[in-house]
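Asks: below is the structure, and that's it, no one-letter string:
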């Protein structure tokens with residue numbers, strides 16, 4: 001008895017199922033245009049489990065990463081607003 005032929009991906013011929021890779025269930029990307037909004041909105045959105053599934057610390061790191069990556073190209077007013085959002089998240093994490 002012959003076995004069914006397998007394609008290069010290892011699945012049975014004619015099968016529509018892909019290999020072992022699962023689709024991602026959670027997106028950790030903040031919504032587009034979020035960082036151009038006010039500090040309260042940024043902090044509230046970044047603190048949600050939908051954007052930061054690993055918690056508030058993850059949200060703080062994302063904001064800090066953005067500040068570091070934009071460097072001198074970041075307008076002083078925008079930097080101030082992002083720092084304020086970061087401080088709000090830090091206060092929330094500390095329980096105050």
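Replies: It's in. From a predicted model like this one, the values you see are computed outputs, not experimental measurements. Residues are numbered from 1 along each chain as shown.

Asks: centre of the chain to stretch 63-77, how far?
Replies: Taking the mean C-alpha point of stretch 63-77 and that of its whole chain, the gap between them comes to 17 Å (CA atoms, centre = their mean, to the nearest Å).

Asks: can you pull the buried residues of it?
Replies: Taking 16 or more other CB atoms under 10 Å as the neighbour-count basis, stretch 63-77 is seen to contain the buried residues 63, 66-67, 74. (Each C-beta comes from the backbone N, C-alpha and C, glycine too.)

Asks: swap in stretch 51-58?
Replies: 51-52, 56.

Asks: can you tell me what sits against the helix or strand containing residue 64?
Replies: With secondary structure defined by DSSP states H and E, residue 64 is part of helix 56-70. Residues outside helix 56-70 that contact it (CB atoms under 8 Å, 6 or more residues apart in numbering): 28, 30, 35, 42-43, 46-47, 51-52, 74, 79, 82-83, 85-86, 89-90, 92-93.
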